[in-house]
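Q: Okay, sequence plus prediction incoming.
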Amino acid sequence: MTLQPFRRLDSRIAVLARPDIDTDQIIPARYLKGTTRTGLGRWLFAGWRYDENGHPRTDFAFARPEARGAQVLVAGPNFGCGSSREHAPWALLDYGFRAVVSSSIADIFRANALKNGLLPVIVDAATHEVLLASPGMRVSIDLESCSLAFGDARVSFSIDPFARRCLLEGVDELGFLLAQDDAIAAYEKEDGCAR
Amino acid sequence: MAQSEPRTLFAKIWDAHLVRAETDETPAVLYVDLHLVHEVTSPQAFSVLRDRGLGVRRPQRTVATMDHSTPTTPRQPGTKLVIEDRECAAQLAALEANCAQFGIELHSLASEQQGIVHVIGPELGLSQPGMTIVCGDSHTSTHGAFGAFAFGIGTSEVAHVLATQSLLQRRPRTLQVRVEGKLRPGVTAKDLILAVIARIGVAGGSGHVIEYTGSAVRALSMEERMTVCNMSIEAGARAGCIAPDDLTFQYLAGRPKAPQGAAWDRALARWRALPSDPAARYDRTVEIDGGALEPTITFGTNPGMSAAIRGAVPDPGSVTDAADRAALDRALRYMGLRPGQQLLGHPIDVVFIGSCTNARIEDLRAAASVLRGRRVSSRVRALVVPGSRQVKKAAEAEGLDRVFRDAGAEWREPGCSMCIAMNGDQLRPGQSAVSTSNRNFEGRQGAGGRTFLASPLSAAAAAVAGAIADPREYLR
């Protein structure tokens, strides 16, 4: 099985400037009762997107015209903190996002995002500030050169080389792990007497 | 690396589980000793196995339970359990079918060992020093209380572990949180960890494994250590751990899945070598004066927003950073609090005593010590949800269920319940709860609900007072 490869993305940005956006906001637990990973985009940020009667809020950032069609979400620091639910990246992808940009992204969310082809991009504080203030701006993300460009600016970002290779080539980690079978078997044999 | 180099507890566990060391190009392949599974984050992982024609590599290292979406409505023994929520019922049925298909031990609702995954792991003696332990749940850090490297993973990684018993991991850094001194009466492990999170921040532990050290930590019981390690993730940490000691070994001795006989002696010898070497270096160290800690309660919408229970709600006007000011302002509006108001006396509607943070027997004893001979305020709904069937049984053997019922609290069946509000146990919009759980995020305990995180002592005191109250006034 392969992952949808990620090379380059040109898109306008949607912005949620709040810091510490937790996975309970990205997708509330009451929508985790399913047994598949599909169709979760409808409940992305459900607590913020819909009013108490279930109607879309017109004042939510994604309802604004400049956010329409955005495939890049720029969010406040420590995005994705909280639970380990992979439903968070599934919901973001299903809604149409392909990348999340912030000055910091929580560990488990970042790992989950990478396994699904949602690119986490960490930028410096100054770049972050510009992006947070520019909803609807067009950005260009190039994973080959690890750069993010907007207007006349171009900044580079760092990403784990292995994760980058998996995304560029559309290789999934399970395939890589399965290929380690001999090493795992050897470890189990050697370790078997120790416990 | 020379073997004589002093190492931390974490480094010893990491080194011992390397199937393949990491390089610049590839992460380490890390072997997993124990994989805990529950109904919410596993169905899509089992689907991956089926889609790719894979089996579970080590079913005997895998244990499943039902906890997140299970009803906790009181029921009479022998009556048939009906799960009204059809989605929850389907999810539970999927776990049952998956465990049967792949040969995994399951503690279903009919099992005497059923309970919250992070309560039953220790209870059964599954969680042991020196192990790598994972689960598709961020509060897996709980098991670090035994001197294990225990961490939450996503569903893709659940599939990785099921299929290969291994994970691809980059080595985290280490953060020592040293708490010296003696906790004062009324100050609990929950207050300690809330203070740690307030100090280092909700992202302060990112990329790190926390090791809790110091005299105040050594003095904690095993259950208290679990409370501390449980909330490591609320500081953003990858995991939390505490060096195993005689208390750890006493806790484990004789438990059903703990080593027995000669195997116990061999295990003990290994476990005694695990604590960090005296000269071991941590990437960072934070020191906290345990003797200065107060009963603590959260006032905001993340676990780092807390204050001494006798303190006041902070004023966003005094925060210099614009983003922090806006976040605090929004949190206070969500919580229905005024800047500068005293926390004591703030009225509440619900008290929830439960969750993988605080639903073990010692937590229930603490809550019962406050509620014994007192009444829950008429304006408050109080739920007591034991962490497991074993905890429930032990509490009933001590008569704690009577204490709770006589006080007017609900004595319920075990599960995650109102901590995650997936099973129908939830706040109504605008309701305020003092909760012994771990997350006060917007809507966490029900859409529009407002959560104040505190210890079992503080929660019980709030139940009696009908408002946030100082537990020290209720100690006997």
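A: Perfect, I can see it now.

Q: where does the chain dip in pLDDT?
A: Here I'm looking at chain A. In the predicted model, chain A carries pLDDT under 70 at residues A:1-2, A:192-195.

Q: my bad, the chain I had in mind was chain B
A: B:1-3.

Q: what about the longest helix in it?
A: As assigned by DSSP state H, the longest helix anywhere in chain B is helix B:86-102.

Q: Just checking: what are the partner strands of the helix or strand just after it?
A: Using DSSP states H and E, the helix or strand that follows helix B:86-102 towards the C-terminus is strand B:105-107. Strand pairing for strand B:105-107, determined by DSSP bridges: strand B:62-65 (parallel).

Q: Identify all contacting residues around the partner strand.
A: Around strand B:62-65, the neighbours that count as contacts under C-beta atoms under 8 Å, 6 or more residues apart in numbering or on different chains are B:34-38, B:42, B:56, B:95, B:99, B:104-107, B:111, B:113-117, B:120-121, B:124, B:126, B:162. For glycine as for every other residue, the C-beta is placed from the backbone atoms N, C-alpha and C.

Q: buried sites along the longest strand along chain A?
A: For chain A, the strand with the greatest residue count under DSSP state E is strand A:8-16. Applying a neighbour-count criterion of 16 or more other C-beta atoms under 10 Å in any protein chain shown, one finds A:9, A:11-16 buried in strand A:8-16.

Q: same question, stretch A:134-147
A: For stretch A:134-147, by 16+ other C-beta under 10 Å, it's A:134-135, A:137, A:139, A:141, A:143.

Q: related to what we said a few turns ago, helices or strands up against the longest helix of chain B?
A: Where contact means 3 or more C-beta pairs under 8 Å, 6 or more residues apart in numbering or on different chains; DSSP states H and E, helix B:86-102 is packed against helix B:43-52, strand B:105-107.

Q: quick one: which of those is nearest residue B:274?
A: For those, proximity to residue B:274 was assessed by C-beta to C-beta; strand B:105-107 is nearest, at 26.4 Å.

Q: Packing partners of the helix or strand that that closest one is followed by?
A: Using DSSP H and E, the helix or strand that directly follows strand B:105-107 along the chain is helix B:117-123. Packing partners of helix B:117-123 (3+ C-beta pairs under 8 Å, 6+ apart): strand B:34-37, strand B:62-65, strand B:132-135, helix B:222-230, helix B:389-398.

Q: want to throw the ones you listed into CSV with distance to residue A:84 and mean neighbour count?
A: Formatted as CSV, the helices and strands packed on helix B:117-123 follow (distance: least, C-beta to C-beta, whole Å; neighbours: other C-beta atoms under 10 Å in any protein chain shown):
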stretch, distance to residue A:84, mean neighbour count
strand B:34-37, 12, 26
strand B:62-65, 16, 25
strand B:132-135, 8, 27
helix B:222-230, 14, 26
helix B:389-398, 24, 18
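
Q: re earlier: want to throw the buried residues of stretch A:134-147 into a markdown table with distance to residue A:69 and secondary structure?
A: As requested, these are exported to a markdown table (distance: C-beta to C-beta, whole Å; DSSP: H, G, I helix; E, B strand; the rest coil):
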| residue | distance to residue A:69 | secondary structure |
| --- | --- | --- |
| A:134 | 16 | coil |
| A:135 | 13 | coil |
| A:137 | 13 | coil |
| A:139 | 13 | strand |
| A:141 | 15 | strand |
| A:143 | 20 | coil |
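
Q: what's the farthest-apart pair in the residues you listed?
A: A:135 and A:143 (23.2 Å).

Q: What ranges does chain A have for its strands?
A: Using DSSP E, the strands found in chain A span residues A:8-16, A:72-75, A:99-102, A:119-122, A:138-142, A:147-150, A:153-156.

Q: Dump the ones you listed into CSV; add distance to chain B as well.
A: Compiled in CSV, those are given as follows (distance: least, C-beta to the nearest C-beta, whole Å):
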stretch, distance to chain B
strand A:8-16, 12
strand A:72-75, 12
strand A:99-102, 11
strand A:119-122, 11
strand A:138-142, 20
strand A:147-150, 20
strand A:153-156, 18
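
Q: quick revisit: for the buried ones among the contacts of strand B:62-65, write the corresponding ChimeraX selection.
A: Buried members of the contacts of strand B:62-65, defined by 16+ other C-beta under 10 Å, are picked up in ChimeraX with:
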select /B:34,35,36,37,38,42,56,95,99,104,105,106,107,113,114,115,116,117,120,121,124,126,162
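
Q: so where's the longest helix in chain A?
A: Assignment by DSSP H gives helix A:181-191 as the longest helix of chain A.

Q: how far does that helix sit from the chain's center?
A: With C-alpha atoms, centre = their mean, to the nearest Å as the basis, helix A:181-191 stands 34 Å off its chain's centre.

Q: Show me which residues of the stretch 201-350 of chain B are close to chain A?
A: By the rule C-beta under 8 Å from any C-beta of the partner chain, the part of the stretch 201-350 of chain B lying against chain A is B:202-203, B:206-207, B:233, B:236, B:238, B:267, B:270, B:302, B:323-324, B:326-327, B:330.

Q: I appreciate the help and will end here.
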